[in-house]
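# The following block contains a protein sequence and its predicted model.
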Amino acid sequence: MRLRDWDQNLKARLYGEGLINILYWMFFPFMAVYFSDAFGKEVAGILLVVSQLLGVLANLIGGRCADRFGRKRIMLISTIGEALCFLLFAFANSPWFDSPVLSFICFAGLGIFNMLYYPASDAMIADLVEPKHRNEVFAVFHTAASMAIVIGPILGGFLFFSHFFALLLASAGASFLLAAMIAWYVRETAVSHSLAKGESVDKRQWKQMIVDQLKDYGVIVKDRNFMLFIIAGILIAQTFIQLDLAVAVYVTQAIPVQKLFSLGIWSVYTGGATFFGWLIALNGILVVLFTVWVNRWVSQFPVGRIFIVSSLMYGVSMLIFGSSTALWVAIAAVVFLTIAELLVIGLQESFVSELSPKHMRGQYFAASSLRYSIGRTFAPMAIPLADWVGYFWMFFILGGIAFTGAWVYHILFRRLKQETG
């Protein structure tokens, strides 16, 4: 499906979200440093966990709101909320005022509005795109997000510490621009629901809304196939999330500076933190370059087989990491991990859209994000695990967890095959 054939809704959002993501990643990776300097490492860690938990809650609420009140409305409210948070964030770091406490409140607010936005965004893509093209469209959006992850931190390294105020103002302006694009160019795609029948949000009891939401998510929990998908995703998340956690610590502490390659009399030496930066860049570049191509290639294979192969490759990447401290071994491990990631980019969102009823699509997308949010909760345990058993056994255990995830996917797709006859 060519970009020029896309619905106007998708084009407007692709460009607007791309700009927002670049600006977001110009400051997000450095916020841990900011809060550590302001509050100390222990307090900063607690605050960041709290902000993540608030985001998870907002994500689940956003899914229901997207189904109940419309995709466009929730996306517009979220984007305006982000813009206002950016403005207040800028004021808290302006030449006239400096408040780390207010900065944290704004940062948490950004996380909440961001998590409200994306269930509606994903659901709108599923509403607009035919099943045969969904993988490719989701892959393009993922590629744009990956480009932001590559470009943003590089620019942020130059601008965050010297022009933070201006960076936040630019982010606020970009958010207002995206809100305008959503208001003018994006149309509603949600199926008719209670709001369309004349029900007023103000007249509804909050208690009843909570009860209704719990009932809706109870339906999702009873969907055994979807829950197997969530469980497998949580297990697999223990591997790819380690790229920013255990792998970062391992490469920084355990891989010494050594020769990467020689060209005549010229040799390149690297290791430690510098080499870790190269590995992150390699992962991002490969994702940007090959996402769409790999997505088109895997579309010819059964979905279940792709999920299982991806999980196995995640496990193999962990085993490769633990096998040697040589530079090229670590590079090979990142390549395997990136291929595993590329195989399922877009495929996961498309699979969720197929499993979910149309009137609950937003909530299903929100619930599917639990794969990552719960995964992030447990993934940091790999770091103390390395102290207890050593890096080799840590990576061996992580590989085993990924292989277990592949087994859960096998059970899931065997069930689906039996149900469809």
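It's in.
# C-alpha only now, for contacts and for neighbours.
Fine.
# helices or strands next to the helix or strand that contains Asn59 in the packing?
Element membership of Asn59 [criterion: DSSP states H and E] is helix 41-69. Contacts defined by 3 or more C-alpha pairs under 8 Å, 6 or more residues apart in numbering; DSSP states H and E place helix 41-69 against helix 31-39, helix 71-91, helix 100-128, helix 361-368.
# Out of those, the one nearest Val140 is which?
Val140 lies closest to helix 100-128 among those, at 11.5 Å (C-alpha to C-alpha).
# Can you give the distance of that closest one from its chain's centre?
Offset of helix 100-128 from its chain centre (C-alpha atoms, centre = their mean, to the nearest Å): 12 Å.
# just checking, what packs against that helix?
Judged by 3+ C-alpha pairs under 8 Å, 6+ apart, the packing partners of helix 100-128 are helix 31-39, helix 41-69, helix 71-91, helix 131-159, helix 347-355, helix 361-368.
# Can I get those helices in a markdown table including mean pLDDT?
Output for the helices and strands packed on helix 100-128, formatted as a markdown table (pLDDT from 0 to 100):
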| stretch | mean pLDDT |
| --- | --- |
| helix 31-39 | 76 |
| helix 41-69 | 74 |
| helix 71-91 | 92 |
| helix 131-159 | 77 |
| helix 347-355 | 82 |
| helix 361-368 | 74 |
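# Go through those helices and name the closest to Ser175.
Nearest to Ser175 among those is helix 71-91 (5.0 Å), distances taken as C-alpha to C-alpha.
# So, low pLDDT: which residues of the stretch 301-421 of the chain?
Counting by pLDDT under 70, the stretch 301-421 of the chain shows low-confidence ranges at 362, 421.
# Please give me every residue in contact with Ala123.
Residues near Ala123 by C-alpha atoms under 8 Å, 6 or more residues apart in numbering: 66, 71, 353, 361-362, 365.
# for those residues, which one is nearest Arg414?
Ser353 (19.1 Å).
# re the thing from before, adding distance to Ser262, write the helices and strands packed on helix 41-69 out as CSV.
Below are the helices and strands packed on helix 41-69 laid out as CSV (distance: least, C-alpha to C-alpha, whole Å):
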stretch, distance to Ser262
helix 31-39, 36
helix 71-91, 47
helix 100-128, 45
helix 361-368, 46
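# mind checking which of these is nearest Leu245?
Ranking these by proximity to Leu245 (C-alpha to C-alpha) places helix 31-39 first, at 13.3 Å.
# what is the orientation angle of that closest one with helix 41-69?
Between helix 31-39 and helix 41-69, the angle formed by their directions is 130 degrees, by axes from the mean of the first three to the mean of the last three C-alpha atoms, to 10 degrees.
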